[in-house]
Structure formats: C-alpha cells, structure tokens
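Visitor: One predicted model, sequence on top.
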Amino acid sequence: MTTSSTPTPTAVPGEVKDREATPELKAPKKPAGLGQGRANWVVKVALLLLCLLWLIPTIGLLITSFRPADAAASTGWWTVFANPLDFTQWTIQNYREVLTENGMGNAFINSFAVSLPSTIIPIMIAAFAAYAFTFMEFKGRDVIFVVVVGLLVIPNQVALVPLLRIYGDIGINGTFPAVWLAHAGFGMPLAIYLLRNYMAGLPRAIVESAKVDGASHWSIFWRLIIPMSVPALAAFAIFQFLWTWNDLLIALLFIGSGPNEVVTVNLASLIGSQGQNWQLLTAGAFISMTVPLLVFVSLQRYFIRGLTAGSVKG
C-alpha cells in the first residue's frame, strides 16, 4: 500500500537570510516629546520664580530710590503697591541731589578714568605674555607659566601694605597711576591664564604657514592672533572692568576721598554717621549700576565663548 506524503517545501537560502534579518514587529513607541511639553513648562515656571526671587532686593532698592526721605524711613518699600498710582509718594529728588550736591557726577568721571586704563593695561601686557607662552619656545617657559598661574591663589590684601610704602616712597599715593598699577598687577595672572588657554586652542597651522611666508612674531600677533582672540579678550575685559568699577578697598586706600574719589568711595560717604539718608545711597547705587550693565550687555556674546574656549580638547 502506497502512502502519499505532502512534499516539504525547500527553503531557499536567500529567503532564510531575509527572514533572519527581518526584525520582529514591536509595539509602536511613544512619540518623542509627548511628555516633554509639561516638563518644559515646569522648568520655565521654576526659572521665572527663581529670577523674581533673585530680583526682589533689587526691586526694593529701585522703589526706595524714588521715595521721599520720610516715607523711606518710616514705611517699607512694599507699601507703595497699596496705591501705586499715588504720585505724591514718588520723587526724583534723590537722583537730583546725588548728582548735583554730593559730587556723584565728578566721581562718575573719575571711575571711568580709573577703570578704562586698569582694564586696557593688563589686557595688552597679558596678550603679549600669552602669545609668548603659546607660540614661542624658550627655556623655562612652563615653569614661568606655572609660577604666574600660582599667583592666583595669593590674596591681594597681603600686598596692600608693601604697595602703600612703595607708592609713598615714589610719591604717587592719591593719584590715578597708583590704582592703575595695583589693578593691573592683581589682574595680570588671571588674564594670562585665560588668554594662554584660548590661544592654545587656535590652529597652529595658520601660525606655521605665516612663518613659512616670512611673517615675524609681531605681524603674526597683531594680524592673526589678536583678531582670533577677540572673544577671550572681551571676556576678561568684562571681568576686569566690573572688578575695577565696583572696587572700594583699593580705591579707598590709594586714592581716598577728595577730588579724585570714585563712585564707590562717594557712595560710602552718602550714609550719615547715624545711618540716615540711605535713600540717597539707593539712588547712587542705581546710577553706578548703569555702566556695568551696559558693558555686560554689549559684550555678552563673547563672554561664554571666551571662558569655555580651550577648556575642552578635541
């Protein structure tokens, strides 16, 4: 008796490979970003609340600067929100008095006379030094650079008494050059460190090509390195300008009060011996804040680039 069996289909080798290579069907994934919208809103609201919390003291100072002396001394600044349209509780007399009667206008000009040279001098010297540490070979280069960077950990206060004695011997105490030299010396290590790290990340092929073409170090420095180092120069300029503009200790020691006093020294003199007239201090503080804000806003596009360049290799 003959039994008939159904022939088993023979698998083609190519079809087996195709079936093995075909991935199994999976459940559809959840669309990306479906739950991210709510998280983004939470982050935005949290950041907004943090910014408002950070700005509360500044808002209080701003409101106080426009309040009369009696109201500022007797009630809190938040009481103006009870009736904000009552213009009898607002005044600009504080700003008028600060600018005309307390010498803030002259101090404002003196602060420019101190801050601009104290920013330009260390940048120029540090740029030359950073170029030498990066693109020039000489004996002891790395050791000297480590020593310069090590100066960052030395407090500036330990040098104040020796500087006072030296400046007194050469007769420049109470003058602008005394403050210029002090700020330039204190800011030099940080400037050299930032600029050297930035220049180390620049393509060396450009410098080598310029040397092959016969360019001197002077030409390479001014025509190639300086234009490419603008972000780092601007970043340090922001740091140095804000430091010198807001400094009180060095200006008080080396200049003091008088015809050459700067904004910070003038602000300190606005408060009376018994703490009165502090509404004038708030007005003067906001006058002094305008310049640093303008400097930061105008150079902020270079700020992050200049600080982060050279920190990561590759």
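Guide: Thanks, I have the structure now.
Visitor: Residue 68 reaches residue 87, doesn't it?
Guide: No. Using CB atoms under 8 Å, residue 68 makes no contact with residue 87, being 11.8 Å away. For the C-beta atoms, the positions are set from N, CA and C on the backbone; glycine is no exception.
Visitor: When those two are compared, which one has more neighbours?
Guide: A count of neighbours by other CB atoms under 10 Å puts residue 68 above the other of residue 68 and residue 87, at 15 against 8.
Visitor: ok, that one - contacts?
Guide: Applying CB atoms under 8 Å, 6 or more residues apart in numbering to residue 68 gives the contacts 89, 91, 93, 279.
Visitor: Distance check, it against residue 225.
Guide: When distance is defined by CB to CB, to the nearest Å, residue 68 is 56 Å away from residue 225.
Visitor: How are the helices of the stretch 51-200 of the chain distributed by residue range?
Guide: 69-74, 93-101, 104-135, 141-150, 160-170, 176-200 (DSSP state H, counting those that start in this stretch).
Visitor: With residue 235 as the reference, name the closest of the ones you listed.
Guide: helix 176-200 (6.8 Å; CB to CB).
Visitor: From the contact counts, what lies against that closest one?
Guide: For helix 176-200, the packing partners by 3 or more CB pairs under 8 Å, 6 or more residues apart in numbering; DSSP states H and E come out as helix 104-135, helix 141-150, helix 160-170, helix 230-246, helix 249-254, helix 278-308.
Visitor: Please produce TSV containing those helices, extended by mean neighbour count and mean pLDDT.
Guide: As requested, those are arranged in TSV below (neighbours: other CB atoms under 10 Å; pLDDT from 0 to 100):
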stretch	mean neighbour count	mean pLDDT
helix 104-135	19	90
helix 141-150	12	89
helix 160-170	13	88
helix 230-246	21	87
helix 249-254	20	89
helix 278-308	17	76
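Visitor: now these as a markdown table including distance to residue 191?
Guide: Shown next, in a markdown table, are the helices and strands packed on helix 176-200 (distance: least, CB to CB, whole Å):
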| stretch | distance to residue 191 |
| --- | --- |
| helix 104-135 | 3 |
| helix 141-150 | 10 |
| helix 160-170 | 19 |
| helix 230-246 | 5 |
| helix 249-254 | 17 |
| helix 278-308 | 11 |
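Visitor: Tell me which of those helices lies nearest to residue 60.
Guide: Closest approach to residue 60 among those (CB to CB): helix 278-308, 8.6 Å.
Visitor: Which one, of the helices and strands packed on helix 176-200, ends up nearest to residue 183?
Guide: Residue 183 lies closest to helix 104-135 among the helices and strands packed on helix 176-200, at 3.7 Å (CB to CB).
Visitor: gap between that closest one and the chain center?
Guide: 15 Å (CA atoms, centre = their mean, to the nearest Å).
Visitor: tell me the angle of that helix relative to helix 230-246?
Guide: 140 degrees (axes from the mean of the first three to the mean of the last three CA atoms, to 10 degrees).
Visitor: so what secondary structure elements neighbour helix 104-135?
Guide: Using 3+ CB pairs under 8 Å, 6+ apart, helix 104-135 is in contact with helix 141-150, helix 176-200, helix 217-220, helix 230-246, helix 263-270, helix 278-308.
Visitor: of all the ones you listed, which lies closest to residue 209?
Guide: Using CB to CB, these put helix 217-220 closest to residue 209, at 10.0 Å.
Visitor: Buried residues, that closest one. List them.
Guide: 217, 220 (16 or more other CB atoms under 10 Å).
Visitor: Give me the contacts around it.
Guide: 131, 135-136, 207, 210-211.
Visitor: Could you dump those residues into JSON lines and include distance to residue 107?
Guide: Output for the contacts of helix 217-220, formatted as JSON lines (distance: CB to CB, whole Å):
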{"residue": "131", "distance to residue 107": "37"}
{"residue": "135", "distance to residue 107": "42"}
{"residue": "136", "distance to residue 107": "43"}
{"residue": "207", "distance to residue 107": "45"}
{"residue": "210", "distance to residue 107": "47"}
{"residue": "211", "distance to residue 107": "49"}
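Visitor: any idea which of those residues is closest to residue 230?
Guide: Set against residue 230, the nearest of the contacts of helix 217-220 by CB to CB is residue 131 (14.4 Å).
Visitor: was I right about that closest one contacting residue 200?
Guide: No. With contact defined as CB under 8 Å, residue 131 does not reach residue 200; the gap is 10.8 Å.
Visitor: Of all the helices and strands packed on helix 176-200, which one comes closest to residue 46?
Guide: Of all the helices and strands packed on helix 176-200, helix 278-308 sits nearest to residue 46, with 22.2 Å by CB to CB.
Visitor: for the closest one, packing partners?
Guide: Counting by 3+ CB pairs under 8 Å, 6+ apart, helix 278-308 packs on helix 36-65, helix 69-74, helix 93-101, helix 104-135, helix 176-200, helix 230-246, helix 263-270.
Visitor: If anything else comes up later, I'll come back, but that's it for now.
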